[in-house]
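A.B. asks: Quick one, structure for this:
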Amino acid sequence: LQPGTRISLGLMLDERAAKHPGEVCFLFGDRAHRQSEVKYRVDSVAKGLVGAGVRHGERVGVLMGTRPSAFTVIAALSRIGATAVLLRPEGELVVEAELGQVAWVISDPEHAAGAAVLDGVRWGVLGSGSDRSELSRRVIDLELIDPDAVELPVWYRPNPQRATDIAFVVFTGERDTTRAVQISNGRWARSALGTASAAALGPGDTVYSVTPHQHSSALLMSVGGAVAAGARFAMASAGDPGTFWAEVRRYGATHVSYTWASLHDITLAPPDPNEQHHPIRMFMGSGMPANQWRRVVAPSIARRAVDAVPSVDLSVAYGVPDGGGNGTAEVLVVAVTLRPGVELTGAELARVCDRLPASQRPSYVQVVPSIPLTTWSRPIWRGLRQAGLPTPGKSGTVWQLDVDQAGYRKLP
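C.D. replies: Next comes the predicted model:
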């Protein structure tokens, strides 16, 4: 890709619709959306956005839950040549809107109340949902705009963006560590084409994403890989194991896209009838904890055998000041949660010592009831670190590395 190459999500979707208008583009709930239908809807929303005042080059926040309208808005902004700033429903709205430099926010009705906390930002609502009479007067109901009545301005050219233009802005971190990450059309296209090639995606495949659209992997791998390969993509309507296996079966999902611990509940659930002879050929993503990965790739029979898998479910490592000397030295602590019905044993921890050099062995291993996760399913360690060195009284079961660093002893 050259810097001046015209490339974008909107352009790729247009090319697919022109070549294969009757093929399925994406699936959600109980409905399949064909390429021609997606093109019509994206064009209509693009006209509505232009009619409301959205302009080429503007940064537009998208604040929605998982629904077809979210994908439509993102594609429509690409069609106009605007940048989609993907605001997280559980994130800090004011912080993310400021970092993303948004001039507009387009939300679903469920998140329209956020308009009250953002001054100087125009707000539009798209999609079915709550009672429209409850919308604030400053909120524009985009569903009321007739796209056929919109006279497109002379500047409008569909899919005008080049490889160097910023296509999306996503966010990482929490609260005061929140930061914006810009994704150019070129980076998106390279990732999309790379995913399609590495995952051997083709027109007969379906990519099923359990990752919300606000996360970069959903855009780069799930949507990008599927669009680049001419495959179908599907969005999970819920995160519970029953929905997962029912939708995998219904959609014929051949590839599942995940991030971090997003498959946590699914790997711990009892075997599901829909799990037998499932169509999944590949799980693709990054950051999955090793113990979860072993359960994902293990056959169902081995999964049910407690002694065939480690007792640890989730884990997170962090440094804690040891409180001695000048207070600047840190000791390594690992917090873990356990699989239901099992206990952490000294023998398992002894194997930790066998696998790690002495300098890398954690000083403490503490068993905690739960480990909080970010909105994109990454374990959060800051609260654990703030609690200081673990002790049995306040932290549950705690194991400490022996003086000779050959094993762990359980603190009384």
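
A.B. asks: Please enumerate residues in contact with the longest helix along the chain?
C.D. replies: Secondary structure assigned by DSSP state H gives helix 35-52 as the longest helix of the chain. Contacting residues not belonging to helix 35-52 are listed as 10, 13-14, 16-17, 20-26, 33, 60, 72-73, 75-77, 79-80, 82, 106, 122, 124, 126, 140, 142, 145, 147, 149-150, 152-153, 156, 158 [C-beta atoms under 8 Å, 6 or more residues apart in numbering]. No exception for glycine: its C-beta is placed from N, CA and C like everyone else's.

A.B. asks: So which bits of stretch 58-78 are buried?
C.D. replies: For stretch 58-78, a neighbour-count test (16 or more other C-beta atoms under 10 Å) marks 58-78 as buried.

A.B. asks: Just the helices from the chain, written as ranges.
C.D. replies: In the chain, the segments counted as helices under DSSP H are 9-19, 35-52, 68-80, 93-100, 185-198, 216-217, 224-229, 241-251, 264-268, 290-297, 300-304, 346-355, 382-386, 392-395.

A.B. asks: Just name whatever secondary elements the third one is in contact with.
C.D. replies: It stands for helix 68-80. The contact analysis (3 or more C-beta pairs under 8 Å, 6 or more residues apart in numbering; DSSP states H and E) places helix 68-80 against helix 9-19, strand 24-28, helix 35-52, strand 59-63, strand 83-86.

A.B. asks: Please put the alpha-carbon coordinates of the third one into PDB.
C.D. replies: As requested, the backbone C-alpha atoms of helix 35-52 are provided in PDB (Å, rounded to 0.1, in the frame of the first residue of the first chain):
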ATOM      1  CA  GLN A  35     -24.100  -7.300   0.800                       C
ATOM      2  CA  SER A  36     -26.700  -5.300  -1.100                       C
ATOM      3  CA  GLU A  37     -28.700  -4.700   2.000                       C
ATOM      4  CA  VAL A  38     -25.600  -3.500   3.900                       C
ATOM      5  CA  LYS A  39     -24.700  -1.200   1.100                       C
ATOM      6  CA  TYR A  40     -28.100   0.400   1.000                       C
ATOM      7  CA  ARG A  41     -28.200   0.800   4.800                       C
ATOM      8  CA  VAL A  42     -24.700   2.300   4.900                       C
ATOM      9  CA  ASP A  43     -25.400   4.700   2.100                       C
ATOM     10  CA  SER A  44     -28.700   5.700   3.700                       C
ATOM     11  CA  VAL A  45     -27.000   6.400   7.100                       C
ATOM     12  CA  ALA A  46     -24.200   8.300   5.400                       C
ATOM     13  CA  LYS A  47     -26.700  10.500   3.700                       C
ATOM     14  CA  GLY A  48     -28.500  11.100   7.000                       C
ATOM     15  CA  LEU A  49     -25.200  12.000   8.700                       C
ATOM     16  CA  VAL A  50     -24.400  14.400   6.000                       C
ATOM     17  CA  GLY A  51     -27.900  15.900   6.100                       C
ATOM     18  CA  ALA A  52     -27.500  16.400   9.900                       C
END
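
A.B. asks: Show me what counts as buried in it.
C.D. replies: For helix 35-52, the buried set under the neighbour-count rule, 16+ other C-beta under 10 Å, comprises 35, 37-39, 41-52.

A.B. asks: Repeat that for stretch 241-255.
C.D. replies: Burial within stretch 241-255, assessed by neighbour count using 16+ other C-beta under 10 Å, is assigned to 241, 244, 245, 246, 247, 248, 249, 251, 252, 253, 254, 255.

A.B. asks: Tabulate the residues you listed (CSV), appending distance to residue 336 and pLDDT.
C.D. replies: Formatted as CSV, those follow (distance: C-beta to C-beta, whole Å; pLDDT from 0 to 100):
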residue, distance to residue 336, pLDDT
241, 22, 88
244, 24, 91
245, 27, 91
246, 31, 91
247, 31, 93
248, 29, 92
249, 33, 90
251, 34, 92
252, 36, 91
253, 31, 93
254, 33, 92
255, 30, 92
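
A.B. asks: ok, and the helix or strand in the chain with the lowest average confidence?
C.D. replies: Least confident helix or strand of the chain, by mean pLDDT, DSSP states H and E, is helix 300-304 with a mean of 28.

A.B. asks: OK, contacts around the closest residue to residue 127 other than its chain neighbours?
C.D. replies: Of all residues not flanking residue 127 in the chain, residue 69 sits nearest, at 3.6 Å (C-beta to C-beta, 6 or more residues apart in numbering). Residues counted as contacts of residue 69 (C-beta under 8 Å, 6+ apart) are 108, 126, 127.

A.B. asks: now the nearest residue to residue 13 once chain neighbours are set aside: how far from residue 170?
C.D. replies: Distances taken as C-beta to C-beta, 6+ apart put residue 75 closest to residue 13, at 5.8 Å, once the chain neighbours are dropped. As defined by C-beta to C-beta, to the nearest Å, residue 75 lies at a distance of 16 Å from residue 170.

A.B. asks: Could you do residue 230 as well?
C.D. replies: Counting by C-beta to C-beta, the gap between residue 230 and residue 170 amounts to 25 Å.

A.B. asks: The two: which is more packed in?
C.D. replies: In this view residue 230 and residue 170 are compared by other C-beta atoms under 10 Å, and residue 170 has more residues nearby, 25 against 20.

A.B. asks: and the more buried one, bridged to which residues?
C.D. replies: The residues listed as beta-bridge partners of residue 170 by DSSP bridges are residue 181.

A.B. asks: Enumerate every residue touching it.
C.D. replies: Residue 170 makes contacts with 86, 180, 181, 183, 214, 215, 216, 219, as judged by C-beta under 8 Å, 6+ apart.

A.B. asks: Can you tell me which of those comes closest to residue 94?
C.D. replies: residue 180 (13.5 Å; C-beta to C-beta).

A.B. asks: Confirm for me that the closest one is in contact with residue 171.
C.D. replies: Yes. At 5.8 Å, residue 180 counts as touching residue 171 under the criterion of C-beta atoms under 8 Å.

A.B. asks: So between these two, which is more surrounded?
C.D. replies: Taking other C-beta under 10 Å, residue 180 and residue 171 do not tie; residue 171 has more neighbours (24 against 16).

A.B. asks: quick one: pLDDT of residue 87?
C.D. replies: Reading off the confidence values, residue 87 has pLDDT 96.

A.B. asks: Quick check on it: phi, psi?
C.D. replies: Residue 87 has phi and psi values of phi -80, psi 140 when expressed as degrees, to the nearest 10.
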